[in-house]
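A.B. asks: here is a sequence together with a model predicted from it:
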Amino acid sequence: MSLIGRLIDKLLAKGSITLKLPGKAPRTHGGGGGKHLTVRFTDRMVGFDILRNPRLGFGEAYMDGRLVIEDGTILDLMEMIVGANRWEEMGEGRRALRKGKLTRTLKRLLLPNDVKRARKNVAHHYDIGNDLYELFLDDDLQYSCAYFTDTANSLERAQLEKKAHIAAKLALEPGQRVLDIGCGWGGMALFLHKVAGVDVLGVTLSEEQLKVARHRAAEAGVSDHVRFELIDYRLVEEQFDRIVSVGMFEHVGKPQYPKFFAAIARLLDTKGIALLHAIGRMRGPGLTSAWIRRYIFPGGYIPALSDVAPVVERSGLWLTDLEVLHLHYAETLRHWRQRFLANRASLADLYDDRFCRMWEFYLAASETSFRHGGFMVFQAQLSHALDAAPLTRDYMTDADRN
């Protein structure tokens, strides 16, 4: 039996995979009794590359077209493997999936994500062309977890309800000044101004996003009230009544957490409220996938709440409200993946097949991680003062209903 076949047997207590290796007869592995897939390796080195570092080698083999699923999709394969090794079980198979170059990974995590490096990392992902994002995101270009009050809702409605949910937690009042850290293409800033009459400064490190955000503000005739700047949050000097950051904290890097929350504390008025919306881990600190770090989000780190809470405490801020959104991102990614695949031909013309396989792998891996891998999204409300927000949470639910 091949070594890769033994790994499959270890991973799959249920389900089976027929493996086709060059020069060998097909052989079926796994516990059986569930879904079946046929996987073909196009060269003899695929199995060795996966065994050497499963998370990196698996993604690279699929991206390069060296691992071919003959009767299904990459999502089918991931659902089979990750679904059989759910994060809460932490069995032998999941330990095998975690194999990798630990020392090298830790060194990378400790690299200083300074202003120059942060800008380079952002450009790697966000400055590859707005056409890509326009083909799979919602109409408002929200590139973060939506909020599904009903899983039957459209992506557009779920993203609108996400913005409304965040606005409710900010307890906005007309005329207040709001800082949007990592403002993306400007949708959140424009929404907050529209629903609450606040003035917003959005900051980003992406030149492509900045162009779109400024154009949208000008087109809406609100450039005097909603401004966008290409600047690192650490270099902002003004003070604000409210601060919001959605889907940006994942790019900060763990060594920068003290500076991040120190900046929030410095920029937030004494009676102000900040709202942080970010991806988190349910089972304590972990390591970001080597494949994700190399090809999708260099410098990224997904925190556990135990990574974040002690730093917030030392910053002098109060954690005044915390909500965990489970499965909302899995549903969001399902919509993104479906839209991506529906536009795959157009994307292949814009980029190439390898790029499309890379993004298909990224979206499928992310979806399975939020369904089976112990990932979630948290929304943390922060303030300097105990009485910055109303005494009960009724103001949030009342605003959501409206």
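C.D. replies: Received the coordinates, thanks. Since the model is a prediction, treat every value here as computed from it, not as a measurement. Residues are numbered from 1 along each chain as shown.
A.B. asks: low pLDDT regions in this protein?
C.D. replies: 1, 85-119, 121-124, 126-127 (pLDDT under 70).
A.B. asks: quick one, strands of it?
C.D. replies: Along the chain, counting by DSSP state E, strands occupy 15-20, 27-32, 36-41, 67-69, 177-181, 199-204, 226-230, 240-246, 268-281, 318-325, 375-383.
A.B. asks: Serialize these to JSON lines and add fields for distance to residue 290 and mean neighbour count.
C.D. replies: For every residue, glycine as well, the C-beta is placed using N, CA and C. Below are the strands of the chain laid out as JSON lines (distance: least, CB to CB, whole Å; neighbours: other CB atoms under 10 Å):
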{"stretch": "strand 15-20", "distance to residue 290": "23", "mean neighbour count": "20"}
{"stretch": "strand 27-32", "distance to residue 290": "24", "mean neighbour count": "17"}
{"stretch": "strand 36-41", "distance to residue 290": "20", "mean neighbour count": "18"}
{"stretch": "strand 67-69", "distance to residue 290": "17", "mean neighbour count": "18"}
{"stretch": "strand 177-181", "distance to residue 290": "27", "mean neighbour count": "24"}
{"stretch": "strand 199-204", "distance to residue 290": "27", "mean neighbour count": "24"}
{"stretch": "strand 226-230", "distance to residue 290": "30", "mean neighbour count": "20"}
{"stretch": "strand 240-246", "distance to residue 290": "26", "mean neighbour count": "25"}
{"stretch": "strand 268-281", "distance to residue 290": "16", "mean neighbour count": "21"}
{"stretch": "strand 318-325", "distance to residue 290": "26", "mean neighbour count": "16"}
{"stretch": "strand 375-383", "distance to residue 290": "16", "mean neighbour count": "22"}
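A.B. asks: turn the ones you listed into CSV, columns for distance to residue 339.
C.D. replies: Formatted as CSV, those follow (distance: least, CB to CB, whole Å):
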stretch, distance to residue 339
strand 15-20, 28
strand 27-32, 32
strand 36-41, 24
strand 67-69, 21
strand 177-181, 25
strand 199-204, 23
strand 226-230, 26
strand 240-246, 20
strand 268-281, 20
strand 318-325, 21
strand 375-383, 20
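A.B. asks: right, and the ones you listed - which one's nearest residue 295?
C.D. replies: strand 67-69 (15.3 Å; CB to CB).
A.B. asks: name the residues of the longest helix anywhere in the chain that are buried.
C.D. replies: In the chain, taking DSSP state H as the definition, the longest helix is helix 353-372. For helix 353-372, the neighbour count (16 or more other CB atoms under 10 Å) marks 355-372 as buried.
A.B. asks: spatially nearest residue to residue 83 (excluding sequence neighbours)?
C.D. replies: Of all residues not flanking residue 83 in the chain, residue 372 sits nearest, at 5.1 Å (CB to CB, 6 or more residues apart in numbering).
A.B. asks: separation between the one you found and residue 366?
C.D. replies: 12 Å (CB to CB, to the nearest Å).
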